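Asker: build me a structure from this.
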Amino acid sequence: MFELVQIAKNGEFYDRIFPIVLADAKIYDPVDRADYVIHWEAEIQKLETKIKLLSSSANVPSLTRSINEYTEIRATIDELADILQNMNTLTPEIHSESDFEPLLNAIAHRLDE
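Answerer: Below you'll find the predicted structure:
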């Protein structure tokens, strides 16, 4: 998720990704997409709770960085899932049946640009 958020932040999102949506991704139903937001809120809360158990929150930069990353993911997951659900993505089954030809052609075309 961190990498996807960074790609989205740096622009040209549609040009920089070749998504393959797995069957269990659950990005097409808004109720399921809400579960992703809930998940990241829970991750933030768990880490914040653990940090509060420390005698001092000083000198734990990687934990602070993780909270910031989780917060950024939580803030963008709904929008990113919405974008992905509306992209013309192929399933793993379609890729397997075509021996990944459309994906490989798209990557080759992008590299030629």
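Asker: give me the contact list for the strand or helix carrying Gln45.
Answerer: Taking DSSP states H and E as the definition, Gln45 sits inside helix 30-52. Contacts to helix 30-52, defined as Cβ atoms under 8 Å, 6 or more residues apart in numbering, come from residues 26-27, 57, 60, 63, 66-67, 70-71, 73-74, 77-78, 81-82. The way it works is simple: take the backbone N, C-alpha and C, and place the C-beta from them, glycine included.
Asker: which parts of it are buried?
Answerer: 33, 36, 40, 43-44 (16 or more other Cβ atoms under 10 Å).
Asker: go through this structure and flag its longest helix.
Answerer: In the chain, assigned by DSSP state H, the helix with the most residues is helix 61-86.
Asker: got the CA positions of the particular helix or strand that has Pro102 in it in CSV?
Answerer: Following DSSP H and E, one finds Pro102 within helix 101-112. The C-alpha trace of helix 101-112 is given here as CSV (Å, rounded to 0.1, in the frame of the first residue of the first chain):
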residue,chain,number,x,y,z
GLU,A,101,0.4,-11.2,-23.4
PRO,A,102,-1.7,-8.0,-22.9
LEU,A,103,0.3,-7.1,-19.8
LEU,A,104,3.6,-7.8,-21.4
ASN,A,105,2.6,-5.8,-24.5
ALA,A,106,1.5,-2.8,-22.4
ILE,A,107,4.8,-2.9,-20.5
ALA,A,108,6.9,-3.1,-23.7
HIS,A,109,4.9,-0.3,-25.2
ARG,A,110,5.5,1.9,-22.1
LEU,A,111,9.3,1.1,-22.2
ASP,A,112,9.4,2.1,-25.8
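Asker: what packs against that helix?
Answerer: If contacts are counted by 3 or more Cβ pairs under 8 Å, 6 or more residues apart in numbering; DSSP states H and E, helix 101-112 sits against no helix or strand.
Asker: and it, average pLDDT?
Answerer: Averaging pLDDT along helix 101-112 gives 81.
Asker: for it, buried residues please.
Answerer: Going by neighbour count (16+ other Cβ under 10 Å), nothing in helix 101-112 comes out as buried.
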